[in-house]
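Enquirer: Generate a structure from the sequence data that follows.
(chains A and B)
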Amino acid sequence: MAEQEQKRPVRDDSDHEEAVDVGAAQSASRGSDRLKGELDDLLDEIDEVLESNAEEFVKSYIQKGGE
Amino acid sequence: MPVPKTLGIETEYGIVHRGVDDPNPISASSLLINAYLSRRSQPGVGPGSPRVGWDFVDETPHNDIRGFSHIGSMAPEVETHLVNAVLTNGARYYVDHAHPELSTPECADAMSVLRHDRAGELIMIESMAAANEVLPAGEELVVYKNNSDGKGNSYGCHENYLMDRATSFAEIVQHATTHFVTRQVFTGAGKVGCEAPWMPEGSIGFQLTQRADFFEEEVGLETTLKRPIINTRDEPHADPLLYRRLHVIVGDANLCEVATLLKLGTTAIILAMVEEGFMDPALQVSDPVRALQAVSFDTGLSQPLLLADGRTATAVDVQWELLEQAQKFTLQRGTELTGGPVADLVLLRWEDVLTSLESDPSELVGVVDWVTKKHLLDGLAERHGLGPGDARLAALDLQYHDLRPERSLFARVGAEALVDVPDAVAAMEAPPDDTRAYFRGRCLQKWPADIVAANWDSMVFDLGRQTLRRVPMMEPTRGTREHVGTLLDECETVAELLGRLST
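Expert: Next up is the predicted model:
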């Protein structure tokens, strides 16, 4: 939990996003370094919200073909 | 002659009715949409309400005979027939087969489509909230923006591009196919497992796309069986002597905004190049159906594809060649017909993405869906020591596409946003300025009670006289704000509008 202080930025502002990119000095990666660093936090969240009975959830997700 | 690349996207969403023993996806979809329409009809909820909604009472698949009735304030739960509504943003929101489907309005560039695609997601989120308010406790509707249930059932995300009727269809087939097979490296939404019946079970752990498993033909009319890479539905929704509409059924629904922008933007440029005869005839993938799947299965991006001239190249190599041609084309011909400054942005991001795919695909987390999803899958598998076939990986795959903000895994990634949220919210109500959708949307905002029918290429007004007045809109680039904005502002009544339109 050493990285708990890292807050996921709200990414609804492209100007803000640009500023992050300059820091990353990697125009192609667009903040992915930060994302990588956040994987642990992200996995904590996924563990929290992922359907608790995965098997049952996957089995019951049935759709009719469309189009 | 190239024509302006007016374009749009239709998304069929997955729907789950939780808390009932025998869910019916058709009535669930109707309830979802009617709940949204009713909520937006309430006075004081959002500008431009109430909504005008229409039902296709007698709708049958592949049949376009339409009947209309006003939804008004009927309680959502008593609506059992298939709903079909036109929204004030010019979009169509309806039940298609057993799915809620939202077609964006016609847009003039890929960024405008992206904005309306995001608005569509927000409409789904609001629809869920509205439906769940009227459902009994313990029941819930959940909407997924994906294209497969992992059990062999697929539903589509279709793109539409306006094209010159004079362009040879064979040319379109050849070059568009090459692009569709290889663009999967950035359009793929990622999928755990494989649903192609001819593949041994367990042979594919993860693939780039949701859809490649379902394609069996190169060209054809079908969309539900033996799906073709190039669909031949000829329904231009525009002057059929001037235009065709290329109906593209091979793509995935994307959540990453950059992926949506590139899917539409690169394809629009490629199609303009086909119209101009600008494409390199040698750049053609052999056996495209097999190649479509080979690319989708190739998470290492190293599979060589056989080209028609005997060379081999990876999908990324082919994309580099297409990009170089597109850059040359844009230098020579400009971007007037392919989205203006948006086309320049598309070229820039196309290059960025190919560069990252070659050097370090993990740079594309939050940019390309399959990379993002794989990042999460690999992380979860490592953390918990999950092996291939573990249900938690399949659950993560599905829940990546869950649109409930509190449950969506995609929403937690912090993906790169190109559309500001307030702009997407505005696009739930407002049509684009620069296509005929502007006329449709503004009329629906201003005179909902006087409109009895709306379609892509016409509107029917009721002036309270014996006959209805039909206004054809066969030219997708007319009816823009520039063209009719002042007129719509100045007219108080439909009678005045129609009078001035006919002079």
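Enquirer: and the nearest residue to B:Ala495 once chain neighbours are set aside, what is it in contact with?
Expert: Distance criterion C-beta to C-beta, 6 or more residues apart in numbering or on different chains; nearest residue to B:Ala495, sequence neighbours excluded, is B:Leu463 at 5.5 Å. For glycine as for every other residue, the C-beta is placed from the backbone atoms N, C-alpha and C. Listed by C-beta atoms under 8 Å, 6 or more residues apart in numbering or on different chains, the contact set of B:Leu463 reads B:Asp450, B:Arg469, B:Val494, B:Ala495, B:Leu498.
Enquirer: same thing with B:Ala108?
Expert: Contact analysis of B:Ala108 by C-beta under 8 Å, 6+ apart lists B:Pro4, B:Thr6, B:Gly339, B:Pro432, B:Asp434, B:Thr435, B:Thr477.
Enquirer: Do I have it right that the fourth one meets B:Asp109?
Expert: Spelled out, it's B:Pro432. No. With contact defined as C-beta atoms under 8 Å, B:Pro432 does not reach B:Asp109; the gap is 9.0 Å.
Enquirer: the more surrounded of those two?
Expert: A count of neighbours by other C-beta atoms under 10 Å in any protein chain shown puts B:Asp109 above the other of B:Pro432 and B:Asp109, at 28 against 25.
Enquirer: quick one: that one and B:Asp344 touch, right?
Expert: No. Using C-beta under 8 Å, B:Asp109 is not in contact with B:Asp344, being 10.8 Å away.
Enquirer: who wins for neighbours among the contacts of B:Ala108?
Expert: Most surrounded of the contacts of B:Ala108: other C-beta under 10 Å gives B:Thr435, at 30 neighbours.
Enquirer: Let me know the distance separating B:Gly479 from chain A.
Expert: 29 Å (C-beta to the nearest C-beta, to the nearest Å).
Enquirer: so B:Val460 is in which element?
Expert: According to DSSP states H and E, B:Val460 maps onto strand B:458-461.
Enquirer: Which residues does that strand contact?
Expert: B:439-440, B:443, B:447, B:450-454, B:468-473, B:494, B:498.
Enquirer: The same query, at a cut-off of 6 Å, please.
Expert: Strand B:458-461 is contacted from outside by B:Asp450, B:Ile451, B:Val452, B:Ala453, B:Leu468, B:Arg469, B:Arg470, B:Val471, B:Pro472, B:Met473, B:Val494, using C-beta atoms under 6 Å, 6 or more residues apart in numbering or on different chains.
Enquirer: now the helices for the stretch 51-200 of chain B?
Expert: B:110-134, B:169-182, B:184-187 (DSSP state H, counting those that start in this stretch).
Enquirer: Report the contact partners of B:Gly120.
Expert: Applying C-beta under 6 Å, 6+ apart, the residues near B:Gly120 are B:Leu102.
Enquirer: of all of the stretch 151-300 of chain B, which residue lies closest to chain A?
Expert: In the stretch 151-300 of chain B, no residue comes nearer to chain A than B:Tyr155, which is 3.0 Å away by C-beta to the nearest C-beta.
Enquirer: per-residue confidence at that residue?
Expert: pLDDT, B:Tyr155: 97.
Enquirer: Not counting residues beside it along the chain, what's closest to it?
Expert: A:Gly66 (3.0 Å).
Enquirer: burial count for B:Thr372?
Expert: 26.
Enquirer: For it, which non-adjacent residue is closest in space?
Expert: That would be B:Val365: by C-beta to C-beta, 6+ apart, it lies 5.1 Å from B:Thr372.
Enquirer: Check what contacts the longest strand along chain B and list those residues.
Expert: In chain B, with assignment by DSSP state E, the single longest strand is strand B:157-164. Under the contact criterion C-beta under 6 Å, 6+ apart, strand B:157-164 has outside partners B:1, B:3, B:5-11, B:243-249, B:251, B:253, B:271, B:275, B:476.
Enquirer: Name the strands paired with it and say parallel or antiparallel.
Expert: Under the criterion DSSP bridges, strand B:157-164 sits next to strand B:7-12 (antiparallel), strand B:243-248 (antiparallel) in its sheet.
Enquirer: Nearest approach to B:Glu490 belongs to which of those strands?
Expert: Comparing the strands paired with strand B:157-164 against B:Glu490 with C-beta to C-beta, the closest turns out to be strand B:7-12 (28.8 Å).
Enquirer: next helix or strand past that closest one?
Expert: Next element after strand B:7-12 (DSSP H and E): strand B:14-18.
Enquirer: now that next one and helix B:110-134, what's the angle there?
Expert: Relative orientation of strand B:14-18 and helix B:110-134, computed by axes from the mean of the first three to the mean of the last three C-alpha atoms, to 10 degrees: 10 degrees.
Enquirer: Show the average pLDDT along strand B:14-18.
Expert: Mean predicted confidence for strand B:14-18 is 98.
Enquirer: near chain A at all, it?
Expert: Yes. Legend: contact between strand B:14-18 and chain A by C-beta under 6 Å from any C-beta of the partner chain is shown at B:Gly14.
Enquirer: Please apply the same query to stretch B:183-199.
Expert: No. Stretch B:183-199 lies out of reach of chain A by C-beta under 6 Å from any C-beta, never closer than 9.3 Å.
Enquirer: Compute the mean per-residue pLDDT across that stretch, please.
Expert: Averaged over stretch B:183-199, pLDDT sits at 96.
Enquirer: related to what we said a few turns ago, what lines up beside the strand holding B:Val460 in the sheet?
Expert: strand B:451-454 (antiparallel), strand B:469-472 (antiparallel).
Enquirer: Can you mark which positions in the last one are buried?
Expert: Translated: strand B:469-472. B:Arg469, B:Val471 (16 or more other C-beta atoms under 10 Å in any protein chain shown).
Enquirer: just checking, next helix/strand downstream of it?
Expert: helix B:481-490.
Enquirer: What are the contacting residues of the next helix or strand after that next one?
Expert: Where DSSP H and E defines the elements, the next helix or strand beyond helix B:481-490 is helix B:494-501. Helix B:494-501 is contacted by residues B:Trp447, B:Asp450, B:Phe461, B:Leu463, B:Arg469, B:Cys491 when judged by C-beta under 6 Å, 6+ apart.
Enquirer: what's the angle between helix B:494-501 and helix B:481-490?
Expert: Using the same axes, to 10 degrees: helix B:494-501 against helix B:481-490 is 140 degrees.
Enquirer: so how far is helix B:494-501 off the chain centroid?
Expert: Distance of helix B:494-501 from its chain centroid, counting by C-alpha atoms, centre = their mean, to the nearest Å, is 34 Å.
Enquirer: B:Thr11 contacts B:Asn254, doesn't it?
Expert: No. Here B:Thr11 does not reach B:Asn254: they are 9.7 Å apart, not a contact under C-beta atoms under 6 Å.
Enquirer: Compare these two (neighbour count), which wins?
Expert: Per other C-beta under 10 Å, whichever of B:Thr11 and B:Asn254 has more neighbours is B:Asn254, with 28 against 22.
Enquirer: In space, what's closest to B:Asp450 - neighbours in sequence excluded?
Expert: B:Val494 is the one closest to B:Asp450 (C-beta to C-beta, 6+ apart), at 4.4 Å.
Enquirer: How much space separates the one you found from chain A?
Expert: 36 Å.
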